[in-house]
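everything below, folded, please.
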Amino acid sequence: MTPHILIVEDSRTQALRFQLELQRCGARVDIARDGIQGWECARALRPTAIVLDIDLPGIDGYTLCQRLKQEPATSAVPIIMLTHREDARSAQTGLEAGADDYIPKDEFAEQNLIESLRALGVLTQT
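Residues are numbered from 1 along each chain as shown. This next block holds a predicted model:
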């Protein structure tokens, strides 16, 4: 089965960058541009995994993560928070909100994201 990943990211450039890398790994990818659209897409599309930015318009990433983990239809979906925030407190807040992983957006972000999705069983080794 082809993994289906939802990226919730307000930066078009960032979203397309991650989409391209995930598609190279064989995933089907949808993009939501804000927290509200992310909530709606997650519930409607039932993705295999969600990649979530923190600083989103509408609903911030922490709140969206909490809501998704409380919603029966999405509670078991792995969520990876991907953000420019690199401080320990932001990572702790993300994990407490229910994220399965927290990855800083740095020069290794794409590879770290792919490795995290593999570790969670969403992507297979190619």
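
beyond the lowest-mean-pLDDT helix or strand in the chain, next helix or strand please.
Here the helix or strand of the chain ranked lowest by mean pLDDT, DSSP states H and E is helix 88-96, holding a mean of 91. Heading C-terminal from helix 88-96, the first helix or strand you meet, by DSSP states H and E, is strand 101-104.

can I get the CA coordinates of the least confident helix or strand of the chain in CSV?
Only the C-alpha atoms of helix 88-96 are listed here, as CSV (Å, rounded to 0.1, in the frame of the first residue of the first chain):
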residue,chain,number,x,y,z
ALA,A,88,14.3,22.1,24.1
ARG,A,89,11.1,23.6,25.5
SER,A,90,9.5,23.7,22.0
ALA,A,91,10.4,20.1,21.4
GLN,A,92,9.0,19.1,24.8
THR,A,93,5.8,21.0,24.2
GLY,A,94,5.4,19.2,20.8
LEU,A,95,6.0,15.8,22.3
GLU,A,96,3.6,16.6,25.2
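
how about residue 9, what does it touch?
15, 18, 31, 32, 33, 51, 53, 56, 82 (Cβ atoms under 8 Å, 6 or more residues apart in numbering). C-beta coordinates here come from the backbone N, C-alpha and C atoms, glycine included.

pLDDT score assigned to the residue nearest the centre of the chain?
Most central in the chain under Cα atoms, centre = their mean is residue 51, positioned 0.8 Å from the mean C-alpha point. The per-residue pLDDT reported for residue 51 equals 98.

now it, what's its secondary structure?
Using DSSP: H, G, I helix; E, B strand; the rest coil, the structure places residue 51 in strand.

just curious, which of the contacts of residue 9 is nearest to residue 3?
Nearest to residue 3 among the contacts of residue 9, counting by Cβ to Cβ, is residue 51 at 11.6 Å.
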